[in-house]
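Engineer: got a predicted structure plus its sequence, pasted below:
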Amino acid sequence: MTYPFLKSALALVLGLSLTSAPVAAQSDDGDPGAYLAARISLSDYQYRDAAYWFTRALLADEDNTFLLEGLVLAQIGQGDFALAAEAADRFVALNGRGIAANIALLVRDVQAGDYAGLLAAPPERSIGNLMDKLVLAWAEFGQGKMSEAVTRFDEISATDGLKPFGLYHKALALAAVGDFGTADKILSGEAAGPLIVNRRGVIAHAQILSQLERPADALALLDRSFGNEPEPELMALRAALVAGQTVPFDAVRTAQDGMAEVLFSLAIALNGEAEPSYTLLYAAAATALRPDHTEAVLLNAGLLEQLGQQELAAEAYGRIPPDHPAFYTAELGRISTLFALERKDEGLAALQALSTRFPDLSVVQMSYGDALRREERFAEAAAAYTAAINLVGEPEARHWGLFYARAVAHERAGMWDQAEPDFRKALALNPDQPQVLNYLGYSFVDQGTNLDEALELIERAVALRPDAGYIIDSLAWAYFRLGRYQDALEPMERASLLEPVDPVVTDHLGDVYWAVGRQLEARFQWRRALSFDPEEKDATRIRRKLEIGLDAVLVEEGAPPLITAPDDI
């Protein structure tokens, strides 16, 4: 027989971008072509392709638990929990065991409101100790058994290492039933000691304080946690509190919301610690249970982007509606996927529209400047950075990057008189920033000015980043420009080892070899530099050096020739 979910899954995926995929032959022994394609697709996180090929393979081998589990993973990856749960049902019926399948079944049961089933679930449905305990507590809540839910949350809080999770979710559950006073005592640390919560927890606490008619305390909490950052969601919350409005508590409204928060809590804890594909299981499940959970949607999209699934990521970012305060964040993420997909014109147009819509958000203006700078539209980039700088008020140490970025844009646009003050401002804000030290020092070296200061700046940068090849290259080049060719030799060779395929570093190594009389080696390095696809103006100069030598090129350029030793090769 053919299971219905396989037919429905195949019908769905055949309507995707795989209609031109080759059809693998089927046999009584399975479909080895589809099996291999499925494995490769899943290993590359190509979830749509993987869903197609696992489904095709299962049509020829319906009870293969490996294929079923792969299909579960692929469907979760592309966000289709209905099909994931159907595959998980069959997987479990065949005695398969796996966290992905259990997450898919959890989502299905929560969406169906089957909290009794969750409380009676066998040990084989385990997702992990903490997850299981939190699920049971929220399942009690879902059945209206608040006392039992609180008891379970307290048991979690009494477990070594799990206290913050138990306390946080207990506070959310209490607030969801209107006990804002006790929830505040937990979140403020009064009940059981300090509790560190994420951004979402701070906003939930501010909502609770508003419900307790303590808007001043809510504002103070927001200021302590976020400063005065002009972020739309926080600005709207602050405005409501200042106006004396009572802000509704919507962090968790139901048991399903609570389950989504559990999954999101685990995703946040795993993010950066586990493989993105594993963290995605929890983030995607949280999004499935609560599509308006903005932070979960953004995390889910960001994980897909990390995994190279730009189209799926763009779709995920697109789930944030244009009228939502977090829209600009989602749109920046979507634009990032456009650039990754080489759709640069679309990306720039979207960034321009976003910068016009959000003229008061420095992060948007800076992102627009970054994109323009990558496209070598340096004067326009500098203008965007200026707009961002004008929004920050009195610059703080954290704003050094803005001035550095504008300095680079000015320097690349040939406006050194405007670039140098920005480099120096960036250094004033962050005196030990190796990027700034190196770029300013290298610029002086390249211009042949302030060479003593340049050397001092670059030496500081090297001390801060001794393994950065591009910075060591700057040090060697400073020695070279000072005529200290032998001093330049060792750091330049070291830079070449650290940056073995960089055309600029390799070209510089050739120049240093020429200067110390090792002309055959110089020509060899120049040829290597040409193979690394240098910019055309650099390639033209390198070819000329190969034709007539570095000394003659310098004479052509109006510079004094080098004093070289005889060729020692």
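Structural biologist: Looks like it arrived, so ask away.
Engineer: now the helices for the stretch 151-300 of the chain?
Structural biologist: Taking DSSP state H, counting those that start in this stretch to define them, one finds helices in the stretch 151-300 of the chain at 163-176, 180-188, 199-211, 215-226, 232-242, 255-270, 276-289, 294-306.
Engineer: just name the most buried of those helices.
Structural biologist: Using mean count of other Cβ atoms under 10 Å, the stretch among those with the largest mean neighbour count is helix 276-289, at a mean of 25. Glycine gets a C-beta too; all of them are placed from N, C-alpha and C.
Engineer: name the helices or strands packed onto it?
Structural biologist: Applying 3 or more Cβ pairs under 8 Å, 6 or more residues apart in numbering; DSSP states H and E, we find helix 276-289 packed against helix 65-77, helix 81-93, helix 99-111, helix 255-270, helix 294-306.
Engineer: redo these as CSV? Include distance to G414 and mean pLDDT.
Structural biologist: Below are those laid out as CSV (distance: least, Cβ to Cβ, whole Å; pLDDT from 0 to 100):
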stretch, distance to G414, mean pLDDT
helix 65-77, 47, 96
helix 81-93, 55, 96
helix 99-111, 55, 97
helix 255-270, 46, 95
helix 294-306, 35, 96
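Engineer: in stretch 367-378, which residues are buried?
Structural biologist: S367, Y368, G369, D370, A371, L372, R373, R377, F378 (16 or more other Cβ atoms under 10 Å).
Engineer: out of the residues you listed, which sit inside helices?
Structural biologist: S367, Y368, G369, D370, A371, L372, R373, F378 (DSSP state H).
Engineer: make JSON lines out of those and add pLDDT and distance to F480.
Structural biologist: Formatted as JSON lines, those follow (pLDDT from 0 to 100; distance: Cβ to Cβ, whole Å):
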{"residue": "S367", "pLDDT": "95", "distance to F480": "37"}
{"residue": "Y368", "pLDDT": "96", "distance to F480": "37"}
{"residue": "G369", "pLDDT": "96", "distance to F480": "33"}
{"residue": "D370", "pLDDT": "95", "distance to F480": "31"}
{"residue": "A371", "pLDDT": "95", "distance to F480": "34"}
{"residue": "L372", "pLDDT": "96", "distance to F480": "33"}
{"residue": "R373", "pLDDT": "95", "distance to F480": "28"}
{"residue": "F378", "pLDDT": "96", "distance to F480": "27"}
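Engineer: which of those lies closest to A552?
Structural biologist: Nearest to A552 among these: F378, at 32.1 Å, using Cβ to Cβ.
Engineer: tell me how far the closest one lies from K170.
Structural biologist: 54 Å (Cβ to Cβ, to the nearest Å).
Engineer: same question for G510.
Structural biologist: The value you get for G510 to K170, if Cβ to Cβ is used, is 67 Å.
Engineer: quick revisit: any chance of the helices of the stretch 151-300 of the chain in CSV, plus distance to A350?
Structural biologist: Listed next are those as CSV, based on distance: least, Cβ to Cβ, whole Å:
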stretch, distance to A350
helix 163-176, 36
helix 180-188, 38
helix 199-211, 25
helix 215-226, 27
helix 232-242, 18
helix 255-270, 27
helix 276-289, 23
helix 294-306, 15
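Engineer: just tell me which of the ones you listed ends up closest to L427.
Structural biologist: L427 lies closest to helix 215-226 among those, at 27.8 Å (Cβ to Cβ).
Engineer: now do the closest one against helix 199-211, angle only.
Structural biologist: In terms of direction (axes from the mean of the first three to the mean of the last three Cα atoms, to 10 degrees), helix 215-226 departs from helix 199-211 by 170 degrees.
Engineer: what's the angle from helix 215-226 to helix 180-188?
Structural biologist: 30 degrees.
Engineer: report all helices and strands that helix 215-226 contacts.
Structural biologist: helix 199-211, helix 232-242.
Engineer: and the gap between L455 and P434?
Structural biologist: Distance, L455 to P434, using Cβ to Cβ: 15 Å.
Engineer: stretch 535-546: how far from the chain's middle?
Structural biologist: Centroid separation for stretch 535-546 versus its chain: 37 Å, with Cα atoms, centre = their mean, to the nearest Å.
Engineer: with just CA atoms, put it into PDB.
Structural biologist: Coordinates of each C-alpha in stretch 535-546 appear next as PDB, following Å, rounded to 0.1, in the frame of the first residue of the first chain:
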ATOM      1  CA  GLU A 535      41.600  44.500  -9.500                       C
ATOM      2  CA  GLU A 536      42.200  45.500 -13.200                       C
ATOM      3  CA  LYS A 537      44.300  48.600 -12.300                       C
ATOM      4  CA  ASP A 538      46.500  46.400 -10.100                       C
ATOM      5  CA  ALA A 539      46.700  43.700 -12.800                       C
ATOM      6  CA  THR A 540      47.800  46.200 -15.400                       C
ATOM      7  CA  ARG A 541      50.600  47.400 -13.100                       C
ATOM      8  CA  ILE A 542      51.800  43.900 -12.300                       C
ATOM      9  CA  ARG A 543      51.900  43.000 -16.000                       C
ATOM     10  CA  ARG A 544      54.100  46.100 -16.600                       C
ATOM     11  CA  LYS A 545      56.400  45.100 -13.800                       C
ATOM     12  CA  LEU A 546      56.800  41.700 -15.400                       C
END
